[in-house]
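**Q** Quick one, structure for this:
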Amino acid sequence: MISGLLSGYREPQHSRRRSSLTSNKSDADGTTAGVKEEEETVVDENEKSMLMSIISQLRPGADLSRITLPTFILEPRSMLERITNFMQHPETLLPMSKVDDPEKRFISVVKFYLSGWHIKPAGVKKPLNPILGEWFTCHWDFVDAPGTQAFYISEQTSHHPPKSSYFYMSPHHHIRIDGTLKPQSRFLGNSAASMMNTSIVVLRLMNRGATAGKQGGGEKYILTQPNMYVRGILFGKMKYELGDHSYVRCSELDLVADIEFKVKGFFTGGYNVIGGVIKRESTGEVLYEISGSWNGEMHITDKKTGHRELLFDATYARPTPPSVRPITQQERRESQRLWKQVVAALKERNQETATDEKFKIEDRQREEARAREADGVEWVPRYFRPVDLARGEEEQLDFVLNTNIDETASAQDQIRQILGIAPIVAGQSRRPSTYEIPPHAGKSTIDDHDEFVDAES
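**A** Down below sits the predicted model:
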């Protein structure tokens, strides 16, 4: 259908085979899902000593974003890649735009929102902090909807404070997602927290609502995220929890879901519990209640009829990871190539090498910052731009995709435009960048003219 739109792009094979020799799978990092896994991490005495040496220099409430954490608690992938967990259940994502009933459509969005939180590495692991200008792309070929795809582009648009901006679109299914993740890390004594209360996601069903079919139109949903906690960093076992309230809101439908991710009390409660309501925002009338656990069964109850049914069961749910271009085809600042040596060392549990390789990348980033400061140059993101309130863009997004996708065009034309932004599929030709790192007349410490010289090293 769309073969030949750009050099190197081939139609997906309509089969159940999700991988090939020409692409990496994004779940090769040890991410687990399905059967409930042990979510605790027991550190040995040496590791505990390393943590204590760091913690002893901190006070409760301290900002952890500038603290170098030991590599044994790191997940072997970048945050830019980890964000794709959110899109790895197409069985909940793709049906949303096909639901005609407004209330049921809203519930389908809530189901999608809740379906991805169970995807995580075993134990307590923190993803690698992306460096400024790092980027990651991938795509999905939907085997249950042959001939249709989704595409993802992300970039680290700010380092201090950290901001990870991303774009997802499935043209045939009329779905677009824009988001910026803005974690604020805090030390809380025996716990550490990643506060997500300023991070939002804008999801649009472009074929629904009063502005369906128009540029920038469609039914718009604003999604917020729970905060993330690691308990027991001073004593006991380290434990990962999601906590506090998050929201799914659609003003056009006058509906809001208030979902509480409940943290375990000292003596009462359980782990991974959620509760919440879907209500009419203008009146506060509660229409549905939500209960269960975010890594197990979640149920929804109709308050009028009392009918209770399964909303989503994460217990045995299997995620669909995206396809990623081979590292040999990636540029130096793409996530998997950038962190290749660190990831390899982490998987081999070689903490010394992982630390050394990680420091090399971070030192290079500091050198680039000094070069920009010396030249009086402000860094500019490659694929994203600041939001424009005059266009009706959400202020809290901070950044949106720099390229304007014609949302009135056919799905094939939209795919052509997306593939013209950045390399996403295997074999796709590189698009020259006007934004070198650092963007000044001097020579960058990460050279773009020899992008592929040492991709195998």
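
**Q** could you point out which element follows the helix or strand containing residue 400?
**A** Residue 400 is located in strand 399-401, with elements delineated by DSSP states H and E. Next helix or strand after strand 399-401 toward the C-terminus (DSSP H and E): helix 411-419.

**Q** elements contacting that next one?
**A** Applying 3 or more Cβ pairs under 8 Å, 6 or more residues apart in numbering; DSSP states H and E, one finds that helix 411-419 contacts strand 149-158. Using the backbone N, CA and C atoms, a C-beta is placed for each residue, glycine as well.

**Q** Heading C-terminal from the strand it packs on, find the next helix or strand.
**A** Using DSSP H and E, the first helix or strand after strand 149-158 is strand 163-170.

**Q** what's the spacing between that following strand and its chain's center?
**A** Centroid separation for strand 163-170 versus its chain: 8 Å, with Cα atoms, centre = their mean, to the nearest Å.

**Q** how far off helix 411-419 does it point, in degrees?
**A** Inter-element angle recorded for strand 163-170 and helix 411-419: 160 degrees (by axes from the mean of the first three to the mean of the last three Cα atoms, to 10 degrees).

**Q** So what are the sheet partners of strand 163-170 and their directions?
**A** If you go by DSSP bridges, strand 163-170 pairs up with strand 149-158 (antiparallel), strand 175-181 (antiparallel).

**Q** partners of residue 170 in the sheet?
**A** Under the criterion used (DSSP bridges), residue 170 bridges to residue 175.

**Q** circling back to that earlier point, need the strands paired with strand 163-170 in a markdown table with distance to residue 194, mean neighbour count and mean pLDDT, can you?
**A** Output for those, formatted as a markdown table (distance: least, Cβ to Cβ, whole Å; neighbours: other Cβ atoms under 10 Å; pLDDT from 0 to 100):
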| stretch | distance to residue 194 | mean neighbour count | mean pLDDT |
| --- | --- | --- | --- |
| strand 149-158 | 16 | 25 | 98 |
| strand 175-181 | 10 | 23 | 97 |
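
**Q** Name the helix or strand of this structure that has the lowest mean pLDDT.
**A** Every helix and strand in the chain was compared by mean pLDDT, DSSP states H and E; the lowest is strand 31-32, with a mean of 52.

**Q** pLDDT wise, what is residue 197 at?
**A** Looking at residue 197, its pLDDT reads 80.

**Q** wait, what's in contact with it?
**A** Neighbour list for residue 197: 224, 227, 244 [criterion: Cβ atoms under 8 Å, 6 or more residues apart in numbering].

**Q** burial of the first one, as a residue count?
**A** What it means is residue 224. Residues contacting residue 224 under the criterion other Cβ atoms under 10 Å number 19.

**Q** Is the most far-flung residue of the chain relative to its centre part of a helix or strand, or is it coil?
**A** The outermost residue of the chain relative to its centre, with distances by Cα atoms, centre = their mean, is residue 305 at 36.8 Å. Classification of residue 305 using DSSP: H, G, I helix; E, B strand; the rest coil returns coil.

**Q** ditto for residue 287
**A** strand.

**Q** I'd assumed residue 302 was in contact with it.
**A** Yes: if you go by Cβ atoms under 8 Å, residue 287 and residue 302 touch, sitting 7.5 Å apart.

**Q** the more surrounded of these two?
**A** More crowded of residue 287 and residue 302, by other Cβ under 10 Å: residue 287, with 17 against 14.

**Q** For this protein, just list every one of the helices.
**A** For the chain, applying DSSP state H gives helices covering 45-55, 79-82, 90-93, 102-114, 335-338, 340-347, 351-375, 411-419.

**Q** quick one: which of those helices is nearest residue 150?
**A** When these are compared by Cβ to Cβ, helix 90-93 sits nearest residue 150, at 7.7 Å.

**Q** what sits up against that closest one?
**A** Helix 90-93 is touched from outside by 87, 108, 111-112, 115, 140, 142, 144-145, 150, 170, 173, 175, 312, 320, with contacts defined as Cβ under 8 Å, 6+ apart.

**Q** now swap in stretch 349-360 and tell me
**A** With Cβ under 8 Å, 6+ apart, stretch 349-360 has contacts from 70-72, 74, 128, 341-342, 345-346.

**Q** Go again with 6 Å.
**A** Stretch 349-360 is contacted from outside by 71-72, 341-342, 345-346, using Cβ atoms under 6 Å, 6 or more residues apart in numbering.
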